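Undergrad: What shape does this take:
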Amino acid sequence: MEDLKNYIRNIPDFPKKGILFRDITTLLSNKEKFKEVIDELAKRYSGKNIDAVVAIESRGFIFGGALAERLGAGFVPVRKKGKLPHKTLSATYSLEYGEDTLQIHEDALQPGAKVLLIDDLLATGGTMAAVIELVKKLKADIIELAFVIELTDLKGRANLKGVPVYSMVKY
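TA: Predicted coordinates:
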C-alpha cells in the first residue's frame with residue numbers, strides 16, 4: 001500500500017504556515033486507487049462479523065460508507081456538535097487552540113455490537129479518542145481503528161492505548 005503515497009498530494013503551509021497537509025482528494029478521484037483502498041480494507045475486515053462501521057465527519061464518511069456497504073454492515077456517523085437531529089451523546093476533546101465536541105446518536109449502536117472505527121488520518125489521536133469514549137458509552141465492542149494515513153511523528157497511537165490500530169500508509 002506504500003504506492004498510495006503517489007496518489008496523496010502534499011500541500012505545504014495549509015491550513016497554516018508550517019503544516020504539510022496530506023490531501024486525499026487526488027486518491028479519491030482515482031477510481032482504481034480508491035477501489036484498491038476499499039478492497040484492502042474489506043479484505044482485512046471480512047469474516048470479522050462487523051455490525052457497524054463508525055466514521056468521523058467528514059472525510060471518514062467517504063471511506064466508512066463504502067466499507068460498510070462492502071462488509072454488509074451498518075454505517076454510523078460521528079459528527080460535530082449540533083449536526084445530528086436526534087438525542088445524542090457527546091465527547092469533548094482538545095485541539096491545538098481550544099477544544100471541540102463530537103456527537104453520536106444515543107441509539108446508534110446496540111450493546112455488544114462489533115464495530116470498526118475509521119477515519120482518513122491519524123495525527124495526535126485526540127479526535128479518535130473522543131470517538132472511542134462515545135462508542136464505549138454505548139457499550140459496543142471495538143474491533144479495530146482503521147486509518148488510511150498515519151502521521152507517526154505526532155504519536156497519535158499513544159492516545160489510543162488498549163485498542164488495535166491499523167493504518168495503510170505511514171508518514
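Undergrad: can you tell me which helix in the chain is longest?
TA: For the chain, the helix that runs over the most residues, judged by DSSP state H, is helix 31-45.
Undergrad: Show me what it is packed up against.
TA: Helix 31-45 makes packing contacts with helix 25-28, helix 59-71, strand 141-150, strand 165-170 when contacts are defined by 3 or more Cβ pairs under 8 Å, 6 or more residues apart in numbering; DSSP states H and E. Placement of C-beta: from N, CA and C, glycine included.
Undergrad: For these, give me a markdown table that also has distance to residue 104.
TA: Formatted as a markdown table, the entries for the helices and strands packed on helix 31-45 read as follows, by distance: least, Cβ to Cβ, whole Å:
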| stretch | distance to residue 104 |
| --- | --- |
| helix 25-28 | 25 |
| helix 59-71 | 13 |
| strand 141-150 | 13 |
| strand 165-170 | 20 |
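Undergrad: closest one to residue 38 among the ones you listed?
TA: The closest approach between residue 38 and any of the helices and strands packed on helix 31-45, judged by Cβ to Cβ, belongs to helix 59-71 at 4.8 Å.
Undergrad: Below-threshold pLDDT in this structure: ranges please.
TA: With pLDDT under 70 as the threshold, the chain has low-confidence stretches at 96-97.
Undergrad: Let me know the secondary structure of the spatially most central residue of it.
TA: Centrality entry for the chain: nearest residue to the mean C-alpha point is residue 119, 1.6 Å, by Cα atoms, centre = their mean. State at residue 119, reduced to three classes by DSSP: H, G, I helix; E, B strand; the rest coil: strand.
Undergrad: Fine, thanks again, bye for now.
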